[in-house]
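Colleague: heads up, no residue letters with this:
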């Protein structure tokens, strides 16, 4: 049984109050189906407005689909009893794009990382502090950072805090929603290496939502392409993606910038502009 199964999910926003037209809905997701196995990462690539973040919210149980199922560990997350719901919440975590808006600015790093531990585990003050220090060290920070507030961290450091909070309960699946897109290239690379190591160390599974093809390939075992609410294709390898003849995929490939500006063609730069 797959860890996560998304089956024929449809989602739309009711837009009657927003439009006087004949079409009452704005379709965001259409017949989306895929699965994520334990210990693997599915990279979900798409341009802005493709429906990536909406799909992430549907999987997290934040936005109920009009049709279809989201099965996590065999359970339909929209048909759970209270006990199972608690277990699902523990095993399914998220790291968002904006590291600053994802935390309470009045809380210290220790308090931020402690939140899930306080909600799900009964620990003494000393044991909780030891766990938080261990988590800080896991993400490349240290005990010296315990009492710092969000404004005292860089964007990359604060995203490490968010990652530490996400792994605190050793979840089965983490949804990474554009989690590196707001970071500079060097910090992106470091965070991606950290995520890969944590995946191996803890046996984590990821849904890595991104518009960055290079970032997706650096961490993903499988790649999915989302366009206008439809899952165009799934690829098990980089070769499959780069040999695909699908026009949407070809357009995405053409948008990849070369590492050095001298190798970037005028056509590519115009497409990206």
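Modeller: Right, received. Where do you want to start? Because the structure is predicted, anything quoted here is derived from the model rather than measured. Numbering: from 1, shown residues only.
Colleague: contacts and neighbour counts: CA atoms only from here.
Modeller: Noted.
Colleague: who's the residue most central in space within the chain bridged to?
Modeller: Among the residues of the chain, residue 176 comes closest to the average C-alpha position under CA atoms, centre = their mean, at 1.6 Å. Applying DSSP bridges to residue 176 gives these bridge partners: residue 95, residue 208.
Colleague: how much space separates it from residue 149?
Modeller: Separation of residue 176 from residue 149 (CA to CA, to the nearest Å) stands at 23 Å.
Colleague: gap between the residue lying closest to residue 206 once chain neighbours are set aside and residue 220?
Modeller: Take residue 206 and drop its neighbours on the chain: the residue closest to it by CA to CA, 6 or more residues apart in numbering is residue 41, 4.5 Å away. According to CA to CA, residue 41 stands 5 Å off from residue 220.
Colleague: got any residues that touch both of the two?
Modeller: Taking CA atoms under 8 Å, 6 or more residues apart in numbering as the contact rule, residue 41 and residue 220 both touch residue 208.
Colleague: you'd agree residue 100 is up against residue 150?
Modeller: Yes: taking contact to mean CA atoms under 8 Å, the distance of 7.0 Å between residue 100 and residue 150 places them in contact.
Colleague: re earlier: and the residue nearest to residue 206, its phi and psi?
Modeller: phi -120, psi 130 (degrees, to the nearest 10).
Colleague: do residue 34 as well
Modeller: Backbone torsions of residue 34, given as degrees, to the nearest 10, read phi -170, psi 170.
Colleague: count of neighbours near it?
Modeller: Residue 34 sits with 16 neighbouring residues when counted by other CA atoms under 10 Å.
Colleague: and for residue 204?
Modeller: Neighbour count of residue 204, defined by other CA under 10 Å: 21.
Colleague: separation between it and residue 211?
Modeller: Relative to residue 211, and taking CA to CA, residue 204 is found at 22 Å.
Colleague: next one: residue 87
Modeller: Per CA to CA, residue 87 is found 31 Å from residue 211.
Colleague: give me the more crowded residue out of these two.
Modeller: Per other CA under 10 Å, whichever of residue 87 and residue 211 has more neighbours is residue 211, with 21 against 12.
Colleague: confirm for me that residue 106 is in contact with residue 149.
Modeller: Yes: contact criterion CA under 8 Å: residue 106 and residue 149 qualify, at 6.9 Å.
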